[in-house]
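Chemist: show me how the following folds:
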Amino acid sequence: MNLGSMVILFLAILGEVVGTVALKASDGFARLGPSVVVVGYGLSFYLLALALKQIPLGVPYAIWSGLGTAGAVVAGILLWRESLNLAGVVGILLIIAGVVLLNVFSGASAHWGGDTRAPPASRGRSFSGPLDGCQALLAAW
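Modeler: Here you go, the predicted model:
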């Protein structure tokens, strides 16, 4: 993953956390100000889509969802004094450890030969396996 796409992915994670915090602060959309800030979700998806133009799907999505979850938990603890028991702490640490493992050992840039435009089946190559139909649908779409 190049630095630019990592920065965009980080901003997407930040947008997700801001959207989640705003969702909680909106009190079920009863408060207008925080309700408007929920656009953080839209920004997050937009930035994630931009990052996915440069990097494969699986690893960045795992990073986005995992660190977004951990960030929301930390925000809940800091802003609303929510408590976290030992199982919750271990769970969050496992999420973070999983993100680190994906980044260090996944070889994400090797997926599809570093070409993230589309699955290989849609570029004239074929797969043989149970997902052939899905690949064909993606290619046609």
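Chemist: now do the helices in this protein.
Modeler: 3-25, 32-37, 39-52, 58-80, 86-105, 132-140 (DSSP state H).
Chemist: quick check, central residue of this structure?
Modeler: Note on the chain: the residue nearest the mean C-alpha position is residue 64, at 2.4 Å, using Cα atoms, centre = their mean.
Chemist: per-residue confidence at that one?
Modeler: Predicted confidence (pLDDT) for residue 64: 92.
Chemist: and the gap between residue 27 and residue 76?
Modeler: Separation of residue 27 from residue 76 (Cβ to Cβ, to the nearest Å) stands at 15 Å. Every C-beta, even on glycine, is put in place using the N, C-alpha and C of the backbone.
Chemist: and for residue 48?
Modeler: 22 Å.
Chemist: over to residue 50?
Modeler: Distance, residue 50 to residue 76, by Cβ to Cβ: 28 Å.
Chemist: and for residue 19?
Modeler: In terms of Cβ to Cβ, residue 19 sits 14 Å off from residue 76.
Chemist: so for those two, which residue has more residues nearby?
Modeler: residue 19 (21 against 16; other Cβ atoms under 10 Å).
Chemist: correct me if wrong: that one contacts residue 36.
Modeler: No. Look at residue 19 against residue 36 with Cβ atoms under 8 Å: they stay out of range, at 11.0 Å.
Chemist: could you tell me the least trusted of the helices of the chain?
Modeler: helix 132-140 (a mean of 51).
Chemist: would you mark the buried spots in stretch 17-26?
Modeler: Neighbour-count burial for stretch 17-26 flags 17, 18, 19, 20, 21, 22, 23, 24, 26 (criterion: 16 or more other Cβ atoms under 10 Å).
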